[in-house]
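Asks: what would the 3D arrangement of this be:
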Amino acid sequence: MMEIQKILKPTEKVVIIADYREKEVIEHLKKFGVKINEMNLAFGDFICSGEGVVIERKTHSDFISSIIDGRIFEQAKDLKENFGKPIIIIEGYSDRQMNENALKGAIASLLIDFGISLVSTRNPLDTAKTIYWIAKKEQSEGKKEISIKVGKKPKEMKRMQEEIVAILPGVSTVISKRLLKHFVSVEKVFKAKDEKLQKVKGIGKKLSKRIRKILTEKYE
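Replies: This is a model prediction of the structure:
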């Protein structure tokens, strides 16, 4: 064990952005000399490089549950959209079982459709070792160092802005994008007068008045 710990001791400072809820793995990483920036991450649990390496940690039981309820594919979609090199770590083993064909199909989809790498680990310590070496490899000479930029925030911000504007009656996602492109911000869209709204393709006089009524009517 002493030899293993000696090998794991970093020769250069490794920096990892970690979701603050991953306490057990974070403590192990700190013992390896890793500098941890703890945050509330929207996607993934550990960000290991400026090249977009993100790791989602799941226990074996949670991995199976997330396949059964379909949650894993929503998470995979978010990871793929916001990072260049997504990885899912499946930690430990449990008695949780599911249909073998369904399991293999889900794994194939994660690998092929979403381009996500799957890695198995034994326990939180083994997970920390795996994360450490991935981060160290990514941050070695010639690699782009990690930054505090978490995922592709601009892309996520744009999506949220589009969804907010699309809440308006009669406004589709397509029209929402047109409104934001024309007015630049959500605030300006909501403050725009009838005649200004009508300059956007897809918004006529009737729809513009309906939008203004929703935005200005008193809540009683």
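Asks: tell me the mean pLDDT for the helix or strand hosting Lys181?
Replies: With elements delineated by DSSP states H and E, Lys181 resides in helix 173-183, which encompasses its position. Per-residue pLDDT values over helix 173-183 give a mean of 88.
Asks: can you name the next helix or strand after it?
Replies: From helix 173-183 onward toward the C-terminus, using DSSP H and E, the following helix or strand is helix 186-191.
Asks: how about the helix or strand just after that following helix: buried residues?
Replies: Later in the chain than helix 186-191, the nearest helix or strand by DSSP H and E is helix 194-197. Of the residues in helix 194-197, those buried by neighbour count under the rule 16 or more other C-beta atoms under 10 Å are Leu197. (Each C-beta comes from the backbone N, C-alpha and C, glycine too.)
Asks: which strands and helices sit next to helix 194-197?
Replies: Packing contacts for helix 194-197, counted by 3 or more C-beta pairs under 8 Å, 6 or more residues apart in numbering; DSSP states H and E, involve helix 205-216.
Asks: show residues contacting the helix it packs on.
Replies: Outside of helix 205-216, the residues within contact range by C-beta atoms under 8 Å, 6 or more residues apart in numbering are 168-171, 190, 193-195, 197-198, 203.
Asks: narrow those residues to just the buried residues.
Replies: Neighbour counting with 16+ other C-beta under 10 Å marks 168, 171, 190, 197-198, 203 as buried within the contacts of helix 205-216.
Asks: where along this protein do the helices fall?
Replies: In order along the chain, the chain carries the following helices (DSSP state H): 2-8, 23-31, 60-68, 71-82, 100-112, 124-138, 153-165, 173-183, 186-191, 194-197, 205-216.
Asks: could you find the closest non-adjacent residue to the residue nearest the centre of the chain?
Replies: Nearest to the mean C-alpha position of the chain, by C-alpha atoms, centre = their mean, lies Phe43 at 2.4 Å. Residue nearest to Phe43 in three dimensions, not counting chain neighbours: Asp78, with 4.8 Å by C-beta to C-beta, 6 or more residues apart in numbering.
Asks: neighbours around that neighbour, how many?
Replies: The number of residues packed around Asp78, counting by other C-beta atoms under 10 Å, is 18.
Asks: touching, it and Leu41? I think so.
Replies: No - when contacts are counted by C-beta atoms under 8 Å, Asp78 is not listed as touching Leu41 (10.9 Å).
Asks: report the two of the contacts of helix 205-216 separated the most.
Replies: Of all pairs drawn from those, the one with the largest separation by C-beta to C-beta is Pro169 and Glu195; the distance is 19.0 Å.
Asks: give me the below-cutoff pLDDT ranges for the chain.
Replies: Counting by pLDDT under 70, the chain contains low-confidence residues at 1-12, 50-51, 141-156, 220.
Asks: mind giving me the domain ranges of it?
Replies: With automatic domain parsing serving as the domain definition, the record reports that the chain contains domains spanning 2-138, 153-216.
Asks: and the ones you listed, which is most packed in?
Replies: Comparing those on average neighbours per residue, with mean count of other C-beta atoms under 10 Å, the densest one is domain 2-138 at a mean of 17.
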